[in-house]
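**Student:** Turn this into a model:
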Amino acid sequence: MRRSDKIRIGRDPEGGGREEPGSYRGEGIWSWCRESNIARELPRTEEFVDTLKWVGAGYHASLPRLYRDFGLSENGGAWEVFPDHGLFKVTTGSGRSWFAEYGLVASWNHETHSWLWAWAFPRDWQVPPPLITAAGRTCAVGHEMGWAPLVEPSLLVNEREAWALTALAAHVSELPLIYRARVNEVNTHYFAMSTPVWAS
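**Tutor:** Down below sits the predicted model:
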């Protein structure tokens, strides 16, 4: 998949290295409208930024232990989902398996940096409604607080911002574990999960 011309990350190669005004540069949280080909940086209130930092610090502190305890830091292993049951399964590199209830937060394209909240997934993706609950709650908080990045369906964000938004979605739903998994050559899904339960 080639990077879309409307999403310029970095400098314009045909413009002699100049950055075009209004083009996404890989920083900040931008709104992107596919229909109008318009990208604009979204305002982020001090309260929103502080909340992202506070929530992110909590997950940054707790995730290493969770990843270690549940084998997510091990080499090898595999993951799979059972959407109809809302279960995420991991078989660790050492062969043990666990299950956790999960919610899809978003799909992120690492080439274009495009982020699509799960609540905005097209109907033909046939995602069971319970799986988008965490993302939906995040959208509701966005409306309540007036935080535009949580209510715009399609964003442009970098990897660090993708993790921060995922942590916020998990926090809103009181889920302790966040995870991401590559689903094809360019797209990664971000998940929020309950505390895993060992099956073996």
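
**Student:** for stretch 96-110, the distance to its chain's centre please.
**Tutor:** On the basis of C-alpha atoms, centre = their mean, to the nearest Å, stretch 96-110 sits 10 Å off its chain's mean C-alpha point.

**Student:** Oh, that last question was meant for stretch 121-138, not what I typed.
**Tutor:** Relative to its parent chain, stretch 121-138 has a centroid offset of 13 Å by C-alpha atoms, centre = their mean.

**Student:** Please apply the same query to stretch 48-68.
**Tutor:** Counting by C-alpha atoms, centre = their mean, stretch 48-68 is centred 14 Å from the centre of its parent chain.

**Student:** List the buried residues of it.
**Tutor:** Across stretch 48-68, burial judged by 16 or more other C-beta atoms under 10 Å covers 48, 51-52, 55-56, 59, 63, 66. For the C-beta atoms, the positions are set from N, CA and C on the backbone; glycine is no exception.

**Student:** Give me the subset of those residues lying in helices.
**Tutor:** With helices taken from DSSP state H, the overlap with these comprises 48, 51-52, 55-56, 59, 63, 66.

**Student:** start to end distance for stretch 78-89?
**Tutor:** 8 Å (C-alpha to C-alpha, to the nearest Å).

**Student:** Give me the next element, helix or strand, following the strand or helix carrying Arg68.
**Tutor:** Taking DSSP states H and E as the criterion, Arg68 maps to helix 46-69. If you walk from helix 46-69 toward the C-terminus, the next helix or strand you reach (DSSP H and E) is strand 78-82.

**Student:** re the thing from before, what helices and strands are in contact with the helix holding Arg68?
**Tutor:** Helix 46-69 sits against helix 159-172, strand 177-182, with contacts defined as 3 or more C-beta pairs under 8 Å, 6 or more residues apart in numbering; DSSP states H and E.

**Student:** relative orientation of the first one and strand 177-182 in degrees?
**Tutor:** It refers to helix 159-172. Angle, helix 159-172 to strand 177-182, by axes from the mean of the first three to the mean of the last three C-alpha atoms, to 10 degrees: 140 degrees.

**Student:** What residues of helix 159-172 count as buried?
**Tutor:** 161-172.

**Student:** Check which helices and strands it sits against.
**Tutor:** Using 3+ C-beta pairs under 8 Å, 6+ apart, helix 159-172 sits against helix 46-69, strand 97-109, helix 133-145, helix 148-151, strand 177-182, strand 187-193.

**Student:** now with 10 Å?
**Tutor:** Under the contact criterion of 3 or more C-beta pairs under 10 Å, 6 or more residues apart in numbering; DSSP states H and E, helix 159-172 touches helix 46-69, strand 97-109, strand 114-117, helix 133-145, helix 148-151, strand 154-156, strand 177-182, strand 187-193.
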